[in-house]
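Asker: Next come a sequence and a model predicted from it.
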Amino acid sequence: MTAPALTTFRRTPLRHLAGVDRLAVAGGVLLGIVVLAALLAPWIAPYPDDGGSATHPLEALLPPSGAHWFGTDQVGRDVLSRVLFGARTSLLIAVAVLAISGVAGVGLGVVAGYAGGWARDVIMRVTDIFLAFPALLLSLALAVVLQPSVTTVIVAIAVTWWPWYARLTASVAASVATRGFVDSARCLGVPAPLIVLRHVLPNSLTPVLVQLSLDGGGVILTAAALSYLGLGAHEPTSEWGLMVQQGQSLFTTDWWVVTFPGLAILVTAFSFNVLGEGLRARLSR
């Protein structure tokens, strides 16, 4: 097999991304709106100072109105502004967790799948140890040990998330490593690290990309759960899970305090799931 043929084969799986169907497009557009709102929060929030530690006691618990579309919270802060700034925190957590766990999991998975033997056994046994514990339970245990903060949430979730990518990548990489174009590269004397980087890794990424898009919603929900339990973000940080926790006792009287951040969590997790399902449906054809 010639070098151009190797290049063509290597790039083929990623080309499927160009033909995603309407489901993926709908999820991508919805997620894009959330991301855009988060990026522009300092400029589009009606009360930018309310995204932090500002308080307005005389305007506490005002219902939704023209002045405050989502109402105000217990200390008079505009809920819409806090939801917009909370998007920045929640999406930052999701991106950081997926980046850290994805790089760690894919790196270990590719090594395990290509090398095989004792390297695969060691990596997979360590992976099995982490997978033996429910991810949320292990995240809770780690968060309890560490000081509550956004960084704690990122570390606690990333530590429990990477094994999924390691196992997925290892199985795909092991299959790719037995294909003819990889054998041809070995026969030509191409060094193993270069084979992994140029042939095995690119051909192992497609299912990982789909899984990353599906896991975004799970990370958002897990981060919100940790903050809800007091193990994540804390005042004056705007974070959706923390906002839900602060407004839970007011649901029957001042419903807007908890409803709108809860809807933000729902919409964002839904958009990630729809995007992931659309990509998976397209790539499985």
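Answerer: Nice, thanks for sending it over. Numbers count the residues shown, from 1 in each chain.

Asker: Is residue 206 in a helix, a strand, or coil?
Answerer: helix (DSSP: H, G, I helix; E, B strand; the rest coil).

Asker: Count the neighbours of it for me.
Answerer: 18 (other Cβ atoms under 10 Å). Backbone N, C-alpha and C define where each C-beta goes, glycine included.

Asker: Would you mind measuring from it to residue 175?
Answerer: Distance of residue 206 to residue 175, given as Cβ to Cβ, to the nearest Å: 12 Å.

Asker: Could you pull up the residues touching the closest residue to residue 245 other than its chain neighbours?
Answerer: Closest residue to residue 245 apart from its sequence neighbours, by Cβ to Cβ, 6 or more residues apart in numbering: residue 228 at 4.4 Å. Residues in contact with residue 228 (Cβ atoms under 8 Å, 6 or more residues apart in numbering) are 241-242, 244-245.

Asker: Going by neighbour count, which of these comes out on top?
Answerer: residue 241 (29 neighbours).

Asker: can you give me phi and psi for residue 189?
Answerer: phi 80, psi 20 (degrees, to the nearest 10).

Asker: With residue 78 instead?
Answerer: Taking degrees, to the nearest 10 as the convention, residue 78 sits at phi -70, psi 120.

Asker: Can you check the pLDDT for it?
Answerer: pLDDT recorded at residue 78 is 94.

Asker: residues near it, how many?
Answerer: Close neighbours of residue 78, defined as other Cβ under 10 Å, add up to 26.

Asker: got a list of what it touches?
Answerer: 45-47, 50, 68, 70, 72 are the contacts of residue 78 under Cβ under 8 Å, 6+ apart.

Asker: Any idea what it is bridged to?
Answerer: residue 72 (DSSP bridges).

Asker: From residue 280, how far out is it?
Answerer: Residue 78 is 39 Å from residue 280, where distance means Cβ to Cβ.

Asker: So for whichever helix or strand residue 95 is part of, what gets flagged as buried?
Answerer: Assigned by DSSP states H and E, residue 95 falls within helix 79-115. By neighbour count on 16 or more other Cβ atoms under 10 Å, the buried set for helix 79-115 is 79-94, 96-98, 100-102, 104-115.

Asker: so who does residue 240 touch?
Answerer: 83, 86-87, 89-90, 220, 224, 227, 261-262, 264-265.

Asker: redo that, cut-off 6 Å
Answerer: Taking Cβ atoms under 6 Å, 6 or more residues apart in numbering, we find residue 240 in contact with 86, 90, 224, 261, 264-265.

Asker: Save those residues as TSV, and put in distance to residue 61 and pLDDT too.
Answerer: As requested, the contacts of residue 240 are exported to TSV (distance: Cβ to Cβ, whole Å; pLDDT from 0 to 100):
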residue	distance to residue 61	pLDDT
86	18	94
90	24	93
224	22	93
261	15	95
264	19	95
265	21	95
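
Asker: and which of those residues is nearest to residue 193?
Answerer: When these are ranked by distance to residue 193 (Cβ to Cβ), residue 90 comes first, at 37.1 Å.

Asker: Was I right to think residue 169 contacts residue 205?
Answerer: No - if you go by Cβ atoms under 6 Å, residue 169 and residue 205 don't touch, sitting 8.3 Å apart.

Asker: Those two - which one has more neighbours?
Answerer: More crowded of residue 169 and residue 205, by other Cβ under 10 Å: residue 169, with 27 against 17.

Asker: which residue sits closest to that one, ignoring its sequence neighbours?
Answerer: residue 109 (2.7 Å).

Asker: Distance of the one you found relative to residue 272?
Answerer: In terms of Cβ to Cβ, residue 109 sits 22 Å off from residue 272.

Asker: Then residue 54?
Answerer: 31 Å.

Asker: now residue 85
Answerer: From residue 85 across to residue 272, the span is 20 Å (Cβ to Cβ).

Asker: What of residue 103?
Answerer: Residue 103 sits 19 Å away from residue 272, taking Cβ to Cβ as the criterion.
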